[in-house]
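1. got a structure for you, letters missing:
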């Protein structure tokens, strides 16, 4: 059956068998040798089918799982070439099964991971896939926003004004959190505002059904299956009930839009009630933002960066996060403040970025900008956080 991988050995499909290749955008039936890229799933259909453990074909970089195959052909293939190796512990892709069988596999995996049966009864009982989640997953944006359009949408004056009020309303709490984690309050509020409009727009999708749907669909099944297991772990630990675990269609949860894996790593129980509640507890949500930034490298004595004026003669190859220079070195190259003054005399390394391209603004960014990009790997997003935080700076 190595003809499916187009490596050295080839074989013909026995009469009466058809081949279905799953995992490709265009599924096709073929009995001829053809190159394919993994991970894929191969089905050999026959009136008499025998369920077998998953097997891996073509160990030279291709990963193919066989789940149902005519026993005679399977044995003949093994005898002929010995190029099939069994891996019984390897999980089948979700879309190889009907949804109830997929959930049964999830339940078994969760039980083996130590998640209690009664948790799974509540979380998985009666669960159905969500068609709207698949629709959103496959939908491509009709228009890509320019940087200017993005900033206008994400950091409008109304959001800056609201952020100022939220900063004042939560000043004592934010000051305590800042002392604990070393993250300035204005950056905590900026992330809170951009992610969920200060907790007002957390999303309305039930997280466990959404993740189960995405794990079953198969496009990124391994990633979402892990996140589904993490979500079940969160419920099992008692932090939230399945009904209250809401968020975006892609699994980001709560007031700070943590994926379940980020929740387990960074969510923080600030109010001391024994639950890390990023949905209903504002102290927990804000402390979780600060804890995340602190753990991934935030420097509390630095800011994110600033907009600058780049000289017309500046080498374009110097623009980008791969290039780091001292502020003094950028000053020597002719980079200036927006008002034309010299750059601040601080002993920091910085990079120049142009999120909107050469015709847009030039930003001189420090390590904290990179730290924000660990939250969201987008120049647009990191810049928006910086701009909104600057709108709260009273210095």
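-> Alright, I've got the coordinates. These numbers were taken from a predicted model, which means no experiment stands behind them.
2. who touches the residue nearest to residue 393 when sequence neighbours are not counted in this structure?
-> Leaving aside its sequence neighbours, residue 393 sits nearest to residue 186 (C-beta to C-beta, 6 or more residues apart in numbering; 6.0 Å). Backbone N, C-alpha and C define where each C-beta goes, glycine included. For residue 186, the contact set (C-beta atoms under 8 Å, 6 or more residues apart in numbering) comprises 167, 389, 392-393.
3. So which elements touch the host helix or strand of residue 373?
-> Secondary structure assigned from DSSP states H and E places residue 373 in helix 367-375. Applying 3 or more C-beta pairs under 8 Å, 6 or more residues apart in numbering; DSSP states H and E, one finds that helix 367-375 makes contact with helix 185-196, helix 282-295, helix 379-390.
4. Now it: buried residues?
-> Within helix 367-375, the residues that count as buried by 16 or more other C-beta atoms under 10 Å are 367-373, 375.
5. One more: stretch 112-124?
-> In stretch 112-124, counting by 16+ other C-beta under 10 Å, buried: 115, 119-120, 123-124.
6. Just these: which are in helices?
-> 119-120, 123-124 (DSSP state H).
7. where along the chain do the strands fall?
-> Using DSSP state E, the strands of the chain run over 18-22, 40-45, 50-51, 55-57, 64-66, 68-69, 85-86, 205-206, 246-247, 305-309, 325-326, 336-337, 349-353, 362-365.
8. Quick one: closest of the helices and strands packed on helix 367-375 to residue 128.
-> If you check each of these against residue 128 by C-beta to C-beta, helix 185-196 wins as the nearest, at 26.5 Å.
9. Next, the angle from that closest one to helix 379-390.
-> With axes from the mean of the first three to the mean of the last three C-alpha atoms, to 10 degrees defining the directions, helix 185-196 sits at 130 degrees from helix 379-390.
10. Run the angle between helix 185-196 and helix 367-375 for me.
-> Using the same axes, to 10 degrees, helix 185-196 lies at 30 degrees relative to helix 367-375.
11. which one of the helices and strands packed on helix 367-375 lies closest to residue 274?
-> Judging the helices and strands packed on helix 367-375 by C-beta to C-beta, what sits closest to residue 274 is helix 282-295, at 11.0 Å.
12. Could I get the contacting residues of residue 215?
-> Counted by C-beta under 8 Å, 6+ apart, residue 215 has contacts 94, 102, 106, 221, 224-225, 227-228.
13. related to what we said a few turns ago, and the two most separated of the buried residues of helix 367-375?
-> Pairwise across the buried residues of helix 367-375, and taking C-beta to C-beta, the largest span is found between 367 and 375, at 13.9 Å.
14. coming back round to it: from residue 370, how far out is the residue nearest to residue 393?
-> 18 Å (C-beta to C-beta, to the nearest Å).
15. ditto for residue 351
-> Applying C-beta to C-beta to residue 351 and residue 370 gives a distance of 8 Å.
16. which residues do these two both contact?
-> With C-beta under 8 Å, 6+ apart as the test, residue 351 and residue 370 both reach residue 321.
17. can I get the helices and strands packed on helix 367-375 in TSV with distance to residue 258 and mean pLDDT?
-> Formatted as TSV, the helices and strands packed on helix 367-375 follow (distance: least, C-beta to C-beta, whole Å; pLDDT from 0 to 100):
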stretch	distance to residue 258	mean pLDDT
helix 185-196	9	98
helix 282-295	7	98
helix 379-390	15	98
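18. of all those helices, which lies closest to residue 239?
-> That would be helix 282-295 among those, by C-beta to C-beta, at 9.3 Å.
19. tell me what the closest one is packed against?
-> Counting by 3+ C-beta pairs under 8 Å, 6+ apart, helix 282-295 packs on helix 171-181, helix 185-196, helix 260-266, helix 367-375.
20. what angle separates the last one from helix 282-295?
-> If you take the same axes, to 10 degrees, helix 367-375 sits at 120 degrees to helix 282-295.
21. What's the mean pLDDT across helix 367-375?
-> Helix 367-375 shows a mean pLDDT of 98.
22. among the contacts of residue 215, which two are most distant?
-> Greatest spatial distance among these (C-beta to C-beta): 102 and 227, at 15.1 Å.
23. Between those two, which has more neighbouring residues?
-> The neighbour count for residue 102 versus residue 227, taken as other C-beta atoms under 10 Å, is higher for residue 227 (24 against 21).
24. where does the nearest residue to residue 146 once chain neighbours are set aside land on pLDDT?
-> Leaving aside its sequence neighbours, residue 146 sits nearest to residue 356 (C-beta to C-beta, 6+ apart; 6.3 Å). pLDDT for residue 356: 95.
25. check contacts around residue 356.
-> By C-beta under 8 Å, 6+ apart, the neighbours of residue 356 are 146-148.
26. from the buried residues of helix 367-375, which single one is nearest residue 335?
-> Using C-beta to C-beta, residue 369 comes nearest to residue 335 of these, at 15.8 Å.
27. Is it correct that the closest one is in contact with residue 382?
-> Yes: using C-beta atoms under 8 Å, residue 369 makes contact with residue 382 at a distance of 5.3 Å.
28. hey, what's in contact with both of the two?
-> Joint contacts of residue 369 and residue 382 (C-beta under 8 Å, 6+ apart) are residue 304.
29. I'd like the distance between the spatially most central residue of the chain and residue 370.
-> Residue closest to the mean C-alpha point of the chain, counted by C-alpha atoms, centre = their mean, is residue 259 at 7.0 Å. With distances taken as C-beta to C-beta, residue 259 is found 20 Å from residue 370.
30. One more: residue 238?
-> On the measure of C-beta to C-beta, residue 238 and residue 370 end up 35 Å apart.
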